[in-house]
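1. Sequence and predicted model, in that order:
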Amino acid sequence: MDPLQRRALTNGGIAALLTMLVGFGIVAAVSGGERAATPPSPGPGSPSPTPPTCAPSWETVPTQDPSEGSNALHDVVALSATEGWAVGATGLDPVSPTTALVQRWDGVAWTAVEAPSPGSEHNELLAVDDAGPNEVWAVGRTASGFGDRPLALRFDGTEWTQVDLPSDVTGVLTGVAAISPSDVWVVGFAGDPAALLERALLLHWDGVLWENVEPGRAVGGGRSLLRDVEALAATDVWATGYRQNRPLFIRFDGEAWNRSETEVRGVSNAIEPVSPTEAWAVGSPIQWFDGLEWVHAAELPRAGELHGVGAVAPDDVWAVGLRLAADEVSTRSLVLRWDGGRWRVVDGPGVPGSDALMGVDALQDGTVLAVGYRDVAVGRRTLAIRGTTCPGIG
């Protein structure tokens, strides 16, 4: 269960509808006695009869925990093998953290850096993206006793500063796609999910002003929410979330947003387009866009849910999340990789406590970075891993 869900359960919260993990029966795609799921036909590629020449794996890397209570990372962006940013929140209470958390990757370890926390009661960053080393954006929410306000921060190469948003915009920002300094999309929701009144939120920054974009028919009426947004180009932007408890996919062509229909039920938490005619969406189950429609691609391990996806190449895609542990109470990090033929679990070291991965990013040079959190006796601690990939087989 991610931090937004925990908040929702405690205070009537926001994100119980952001990640609807519990209640979906999920079957198997794991190693160590469980079979990996293979996309059905039609599907992306076909299993290769040639065994892999190497075994992808992952390792944990050092992070910093500013608070003695709760520390968590929610998303990550890799700029190179030796530079990246991760965002989250810290505070005494994991359900209601008080301080935005930003950490920087130097190729060896993650180090906390200063960032604004404007709210007097709550500050939390949920997503990060870059348009270059001097153009990094992070978004989330802030609160000072008058309900949630969207929060946007920007790194200019020297420091992180708050970016003012329209005063009439309320709610939470859950995704950001930074295409250039004058072309940034952010998504989320306004309204109260606990009251079944949430509505998808789309904002666009043109370098000077924000526009509150009405998605219109792309989303339609009823309850809706957007969790993630990714861009291939200024004229090819993808976003995912839900509408009336069904996965929602919308796409911007430079002129307007349009809906891409799916018949697959479940949850979609994150999206990764790898070309104009191919994309992956993860949550539960995994979906694949074949250029015409979204299709069911793979099931997950029992009680598993994915929260992030990133691609090294079309035949080298990584997804991260969590699955229920053997004790039926705690969770374990879940790392999957698409090798051009099937999705397989990627093995890594055991992590003390109950752990989860919430975001992942990958680069064409093979860099794979993921972040999340782990719960131990003394509180919640940040968790970060680095993946070691292999050549694809597709």
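-> Happy to help now that I have it. Since this is a predicted model, take the numbers as computed values, not measurements.
2. Okay, now the unreliable bits of the stretch 51-200 of the chain?
-> 51-52 (pLDDT under 70).
3. Helices of that one, start to end?
-> Applying DSSP state H, counting those that start in this stretch to the stretch 51-200 of the chain gives no helices.
4. Of all residues in the chain, which one is nearest the centre?
-> G308 (4.0 Å; CA atoms, centre = their mean).
5. Show me which residues of the host helix or strand of that residue are buried.
-> G308 belongs to strand 304-313 when assigned by DSSP states H and E. Buried residues in strand 304-313, counted by 16 or more other CB atoms under 10 Å: 304-313. C-beta: built from backbone N, CA, C; applies to glycine.
6. so which of those residues comes closest to P273?
-> P273 lies nearest to A311 out of these, by CB to CB, at 8.6 Å.
7. okay, how far is it across stretch 61-75, tip to tip?
-> By CA to CA, to the nearest Å, the extent of stretch 61-75 from end to end equals 15 Å.
8. to the chain's geometric centre, what's the distance from that stretch?
-> 17 Å (CA atoms, centre = their mean, to the nearest Å).
9. What number of residues are in the vicinity of L322?
-> Neighbourhood size, L322 [other CB atoms under 10 Å]: 26.
10. now A319
-> Counted by other CB under 10 Å, the residues lying close to A319 total 30.
11. Is it bridged to anything, and to what?
-> Note on A319: beta-bridge partners by DSSP bridges are V309, L336.
12. residues in contact with it?
-> 270, 280, 282, 286, 306, 308-310, 335-338, 343, 360 (CB atoms under 8 Å, 6 or more residues apart in numbering).
13. Put the alpha carbons of the strand holding G308 into CSV.
-> Extracted C-alpha coordinates of strand 304-313, given in CSV (Å, rounded to 0.1, in the frame of the first residue of the first chain):
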residue,chain,number,x,y,z
GLY,A,304,1.0,-7.5,-6.6
GLU,A,305,0.8,-4.0,-8.1
LEU,A,306,3.2,-2.0,-10.2
HIS,A,307,3.7,1.8,-9.7
GLY,A,308,6.4,2.7,-12.1
VAL,A,309,7.7,1.8,-15.6
GLY,A,310,10.7,2.9,-17.6
ALA,A,311,12.3,1.7,-20.9
VAL,A,312,15.9,1.3,-21.9
ALA,A,313,14.7,0.1,-25.3
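14. now it: how far from the chain's centre is it?
-> 8 Å.
15. Now for the closest residue to V264 other than its chain neighbours, which secondary structure element holds it?
-> With CB to CB, 6 or more residues apart in numbering as the criterion, V264 has its nearest non-adjacent residue at 4.9 Å, and that residue is H296. In this structure, H296 is located in strand 294-298 according to DSSP H and E.
16. Check which helices and strands that strand is in contact with.
-> The contact analysis (3 or more CB pairs under 8 Å, 6 or more residues apart in numbering; DSSP states H and E) places strand 294-298 against strand 286-289.
17. What pairs with the strand it packs on, parallel or antiparallel?
-> The strands that strand 286-289 pairs with in its sheet are strand 278-284 (antiparallel), strand 294-298 (antiparallel) (by DSSP bridges).
18. Tell me the buried residues in the longest one?
-> With burial defined by 16+ other CB under 10 Å, the residues of strand 278-284 counted as buried are 279-284.
19. tilt between that strand and strand 304-313?
-> Per axes from the mean of the first three to the mean of the last three CA atoms, to 10 degrees, the angle that strand 278-284 makes with strand 304-313 is 160 degrees.
20. how far is strand 278-284 from where the chain is centred?
-> A distance of 11 Å separates the centroid of the chain from that of strand 278-284, by CA atoms, centre = their mean.
21. now it: mean pLDDT?
-> The pLDDT scores in strand 278-284 average 98.
22. Output it as CSV, restricted to C-alpha atoms.
-> As requested, the backbone C-alpha atoms of strand 278-284 are provided in CSV (Å, rounded to 0.1, in the frame of the first residue of the first chain):
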residue,chain,number,x,y,z
GLU,A,278,3.9,1.2,-28.8
ALA,A,279,3.4,1.9,-25.1
TRP,A,280,3.2,0.0,-21.8
ALA,A,281,0.9,0.7,-18.9
VAL,A,282,1.4,-0.8,-15.5
GLY,A,283,-0.6,-1.3,-12.4
SER,A,284,-2.5,-4.5,-12.4
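23. what does it contact?
-> Contacts for strand 278-284 (CB under 8 Å, 6+ apart): 19, 21, 24, 26, 44, 238, 240, 247, 249, 266-274, 286-291, 294, 297, 300, 304-309, 311, 314, 317, 319, 321, 338.
24. picking up where we left off before, so for the residue nearest to the centre of the chain, what's the pLDDT?
-> 98.
25. residues contacting it?
-> Contacts of G308 by CB under 8 Å, 6+ apart are 75-76, 269-270, 282, 319-321, 357-361, 370.
26. Just the closest of the residues you listed to Q64, please.
-> Using CB to CB, those come closest to Q64 at V76, 14.5 Å.
27. If the closest one is in a bridge, with which residues?
-> With DSSP bridges as the rule, V76 is bridged to A86.
28. Next, format the contacts of G308 as JSON lines and append distance to G140.
-> Shown next, in JSON lines, are these (distance: CB to CB, whole Å):
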{"residue": "D75", "distance to G140": "9"}
{"residue": "V76", "distance to G140": "14"}
{"residue": "N269", "distance to G140": "16"}
{"residue": "A270", "distance to G140": "16"}
{"residue": "V282", "distance to G140": "21"}
{"residue": "A319", "distance to G140": "22"}
{"residue": "V320", "distance to G140": "19"}
{"residue": "G321", "distance to G140": "19"}
{"residue": "L357", "distance to G140": "18"}
{"residue": "M358", "distance to G140": "13"}
{"residue": "G359", "distance to G140": "13"}
{"residue": "V360", "distance to G140": "18"}
{"residue": "D361", "distance to G140": "17"}
{"residue": "A370", "distance to G140": "19"}
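29. what about L201, which SS state?
-> Under DSSP: H, G, I helix; E, B strand; the rest coil, the three-state class of L201 is strand.
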